[in-house]
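K.L.:
Below are the sequence and a predicted model; questions follow.
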Amino acid sequence: MIEFWFVLIAFLWTGYFVLEGFDFGVGLLAPLIARDPNEQRQSLQTIGPVWDGNEVWVITAVGAMFAAFPAWYAGLFSAFYLPVTLILVGLIVRGVGLEWRGKVNNPLWCDLGIVVGSALPAFLWGSIFADLVFDSPVAALLGGAFALSVFTLHGAVFLALRTTGAVRDRARVAALVASGVAVPVAAVALTRFGTPPALAALAALAGAAALIWRRREGWAFAATAGAIVLATLAVFVELRGAPLPGLTLAEAASGPYTLKMMTWIGLLTLPFVLVYQGWTYWVFRRRVTPVAA
Amino acid sequence: MDALDLARWQFGVTTVYHFLFVPLTIGLGVFVAGLQTAWHRTGKDQYLKLTKFFGKLFLINFAMGVVTGLVQEFQFGMNWSEYSTFVGDVFGAPLAMEALLAFFMESTFLGLWIFGWDRLPKKAHLACIWAAAIGSNISAYFILAANAWMKHPVGYQVVDGRARMTDLWAVLTNSTALAQVPHVVAAAFIVAGGFVLAVCGFWLLKTRDGMWRSAARGALVMTALAGALVGLTGDMSAKLMYEQQPMKLASAEGLAHDTAGAGFSVVPGVEIPKVLSFLATNDPGATVQGVEDLQKRFEQQFGPGDYRPDQTIVFWSFRLMIGFGLVTAGLSVLGLWLTRRRRELPGWLSRLFLLALPLPLLAVTAGWLLSEIGRQPWTVAGELLTASSVSPGVSLAEVATSLTIFTLLYGALAVAEVVIMTRHVRKGVEEPDQAPASERLEPSLTY
């Protein structure tokens, strides 16, 4: 049961990084890719209906950690106090930026919030998990650079996949540039793990670069998503023995009764969540076209 | 001043601030869903215009509720790691359930509603706003069940220094939660009703458009019904407080010693005989325990220490909560009476409606101060002291940094929210024109 909950929490974090990963990428690329306010809106509309739902994955992941591994939850967030504070600041300014930008006269502040609020959490989540695994400042920096560059690539590919016109073309160029950074960074970061999922993640990233070059946007997105899944998997494989230094999963875990109850609730509700979130993506499956001037 | 004090300040500041936006989300979501339903039923243009107008205000506010809620989710682990480790087994479960059962539903269907005006069938689109509104209300249930457990812990056993859940059903049907959930949710509907009244009052001072009168009537009904429910559940809560949290009740009443046939002090010096005993037990002669006697009993039970919450804050927040709540509810009843059988709304009443915005917000804030400061010195009543709940490894400098950052950021965002909100209230409803739905709607509701 303890292992099951560890896997479930790994699944929730994976879902979060895959989904919010492209939100972060689109958020920080939108002002670079867009040449005018209409293109900016077009870019952000690709994530508009879904970003908030994507963010709930982290709330659920953290809530599940609290319920299933209280000592892990408590130890992790009190240990990474300032990075978590900055992540929260980032998510706050990004959230209000996205919701408010269409409702103010001059969205400059909102756009700044979206960029900072996308880049900061992307970097910091990467460095927190890298630090957790390797316990070194260099690894933390590298992990941050890895997450930031990979999410940027993931977002660029998503933007190319979900738009038409000039934005789509420029997103492809941005994806190529981003992969020029992400692949070398990943090569350094992931070989430190040296495990099969880490190396497979590296291969998936290289594949994504090739696929976006050949304008296979759908496959390229599958490749970046796969790379994020594999990299997250690599992290959680390392953490399974000790999610925090000196703490085992069994010590961190809630009692069998709580885990059993939460399992039932999770198994009964999560399929519905997946179905209706999936439905949202289906409803908004059409590419976002440029807004008529 | 140590890390504990600052951690408490941080919790107080971020939670009170969070709860300025949450009640509006809870109540206004249902109100907007009601307006859209009225539009579907009657086909009247005015309901569509009102749906869009209040929908926009709802979204401006919703964003703030979401982002300030994020802080809450992490804060327990950051500042209160001892608490989190002790209670996670019990307290974490409703939090995880809130995310799984409520937040996903709320955020996903709200996204569909915002962007789905011309992409979804009309009925499916209406269902989306209802799903989002119901999601907010479900989330209130779970978080309040978790909160109620802190004041009246049930369905658990302490094993090896950690609370272990033994009965989830007992946690979810805690009598404290069953009284508190309707009390807080009804209060949220008063906040939302008051907000709508204030907006309508502002517009009715400028125009005689019947649309604003319809909206105000709806809000009056909502506020009056919620007011009745708040009173009823408040009474239930007081009776439970008598049994479960006697120290809070005694402090709220400034009752020093155990008293038979205790009176209710309206303000210090003005006392109605026997009313406190009656309110607490339905028996005017019953004995209500007093602060100093309880302190002695707690010392015997738990060892030396001060078990009294801050007497001034608890006493006055109780009165302010009731006072501000009663005035708002009274205003709604007065409004309903004066507008009976389609009577014109007098101008002075429209002006009074403007008060319906701040008063309920003050009432809910006072209510939370009563509820949570009255719980001190415990985080989990009888089990864990607040002083033992704080993160041992977090330094004063760290808490000071995050407290400063959040306070400054929250201050700036409050200004921004008020400016944006005011601007959209002043702009008023937008006339539906001949353009296709997508072009007409997307710029206003989306990006």
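P.N.:
On my side now, so go ahead. In this text the structure is predicted, and so the values were computed from the model without any measurement. Numbering: from 1, shown residues only, chains lettered A, B, ... in the order given.

K.L.:
quick one: low-confidence parts of chain B?
P.N.:
Filtered on pLDDT under 70, chain B yields the residue ranges B:432-447.

K.L.:
can you give me the strands in it?
P.N.:
Under the criterion DSSP state E, chain B carries strands at the ranges B:156-159, B:162-165, B:259-260, B:264-267, B:270-272, B:287-288, B:378-380, B:384-385.

K.L.:
Of those strands, which stretch is the most buried?
P.N.:
Of those, the one with the most neighbours on average (mean count of other C-beta atoms under 10 Å in any protein chain shown) is strand B:378-380, at a mean of 23. Heads up, the C-betas are built off the backbone N, CA and C, glycines and all.

K.L.:
Go ahead and measure how far it is from the middle of the chain.
P.N.:
Centre-to-centre, strand B:378-380 and its host chain are 20 Å apart (C-alpha atoms, centre = their mean, to the nearest Å).

K.L.:
if we can go back for a sec, make CSV out of the strands of chain B and add distance to residue B:32.
P.N.:
Listed next are these as CSV, based on distance: least, C-beta to C-beta, whole Å:
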stretch, distance to residue B:32
strand B:156-159, 39
strand B:162-165, 37
strand B:259-260, 48
strand B:264-267, 38
strand B:270-272, 41
strand B:287-288, 44
strand B:378-380, 36
strand B:384-385, 41
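
K.L.:
Of the ones you listed, give the one that comes closest to chain A.
P.N.:
Nearest of these to chain A, taken as C-beta to the nearest C-beta: strand B:162-165 at 4.2 Å.

K.L.:
could you check whether that closest one is close to chain A?
P.N.:
Yes: using C-beta under 8 Å from any C-beta of the partner chain, strand B:162-165 comes into contact with chain A via B:162, B:164, B:165.

K.L.:
what residues does that strand touch?
P.N.:
Under the contact criterion C-beta atoms under 8 Å, 6 or more residues apart in numbering or on different chains, strand B:162-165 has outside partners A:70, A:254-255, A:257-258, A:261, B:85-91, B:93, B:153, B:155-158, B:171, B:380, B:383.

K.L.:
Touching, residue B:22 and residue B:65? I think so.
P.N.:
Yes: assessed by C-beta atoms under 8 Å, residue B:22 is found in contact with residue B:65 at 5.0 Å.

K.L.:
Comparing those two, which residue is more hemmed in?
P.N.:
Set residue B:22 next to residue B:65 and count neighbours by other C-beta atoms under 10 Å in any protein chain shown: residue B:22 wins out with 27 against 21.

K.L.:
Who are the contact partners of the more buried one?
P.N.:
Neighbouring residues of residue B:22 by C-beta under 8 Å, 6+ apart: B:65, B:69, B:140, B:188.

K.L.:
for the first one, what are its contacts?
P.N.:
Taking C-beta under 8 Å, 6+ apart as the contact definition, residue B:65 lies against B:18, B:21, B:22, B:24, B:25.

K.L.:
For stretch B:228-240, list every residue counted as buried.
P.N.:
Within stretch B:228-240, the residues that count as buried by 16 or more other C-beta atoms under 10 Å in any protein chain shown are B:229, B:230, B:231, B:233, B:234, B:236, B:237, B:238, B:239, B:240.

K.L.:
for those, which one is nearest residue A:108?
P.N.:
residue B:230 (42.5 Å; C-beta to C-beta).

K.L.:
where's that closest one relative to chain A, distance?
P.N.:
Distance of residue B:230 to chain A, given as C-beta to the nearest C-beta, to the nearest Å: 29 Å.

K.L.:
Pretty sure that residue sits against residue B:180.
P.N.:
No: in this structure residue B:230 lies outside contact range of residue B:180 using C-beta under 8 Å: 11.5 Å.

K.L.:
same question for the helix or strand where residue A:169 lies, mean pLDDT?
P.N.:
Per DSSP states H and E, residue A:169 falls inside helix A:166-193. Averaged across helix A:166-193, pLDDT comes to 91.

K.L.:
Please name every helix or strand in contact with that helix.
P.N.:
Using 3 or more C-beta pairs under 8 Å, 6 or more residues apart in numbering or on different chains; DSSP states H and E as the contact test, the elements touching helix A:166-193 are helix A:2-33, helix A:37-45, helix A:108-134, helix A:137-162, helix A:196-213, helix A:217-239.

K.L.:
let's go with 7 Å and repeat that
P.N.:
For helix A:166-193, the packing partners by 3 or more C-beta pairs under 7 Å, 6 or more residues apart in numbering or on different chains; DSSP states H and E come out as helix A:2-33, helix A:37-45, helix A:137-162, helix A:196-213, helix A:217-239.

K.L.:
Around chain B, pick out the residues from the stretch 51-200 of chain A.
P.N.:
A:52-53, A:56, A:59-60, A:62-64, A:66-67, A:70-71, A:73-79, A:81-82, A:84-85, A:88-89, A:91-92, A:95-96, A:99-104 (C-beta under 7 Å from any C-beta of the partner chain).

K.L.:
Excluding residues flanking it in the chain, which one is nearest residue B:153?
P.N.:
residue B:380 (5.4 Å; C-beta to C-beta, 6 or more residues apart in numbering or on different chains).

K.L.:
ugh, wrong one, I meant residue A:147
P.N.:
Computed as C-beta to C-beta, 6+ apart, the closest residue to residue A:147 that is not its neighbour in sequence is residue A:126, at 2.5 Å.

K.L.:
one step back: filter the contacts of strand B:162-165 to the buried ones?
P.N.:
Among these, those buried by neighbour count (16+ other C-beta under 10 Å) are A:70, A:254-255, A:257-258, A:261, B:85-91, B:93, B:153, B:155-156, B:171, B:380, B:383.

K.L.:
Go through the helices and strands packed on helix A:166-193 and name the closest to residue B:284.
P.N.:
helix A:2-33 (52.9 Å).

K.L.:
Just checking the closest one against chain B, any contact.
P.N.:
No: contact of helix A:2-33 with chain B (C-beta under 7 Å from any C-beta) is absent, the minimum separation being 9.3 Å.

K.L.:
do you know how far residue A:70 is from residue B:92?
P.N.:
Distance from residue A:70 to residue B:92, counting by C-beta to C-beta, to the nearest Å: 6 Å.

K.L.:
Then residue A:160?
P.N.:
Distance from residue A:160 to residue B:92, counting by C-beta to C-beta: 40 Å.

K.L.:
How about residue A:128?
P.N.:
Note on residue A:128: its distance to residue B:92, by C-beta to C-beta, is 20 Å.

K.L.:
So these two - more neighbours on which side?
P.N.:
Taking other C-beta under 10 Å, residue A:128 and residue B:92 do not tie; residue B:92 has more neighbours (27 against 20).

K.L.:
Show the backbone phi and psi for residue B:262.
P.N.:
When read as degrees, to the nearest 10, the backbone of residue B:262 gives phi -70, psi 140.

K.L.:
For the residue lying closest to residue B:235 once chain neighbours are set aside, which residues are in contact?
P.N.:
Excluding the flanking residues, the one nearest residue B:235 by C-beta to C-beta, 6+ apart is residue B:279, at 6.8 Å. Contacts for residue B:279 (C-beta atoms under 7 Å, 6 or more residues apart in numbering or on different chains) come out as B:235, B:238, B:264.
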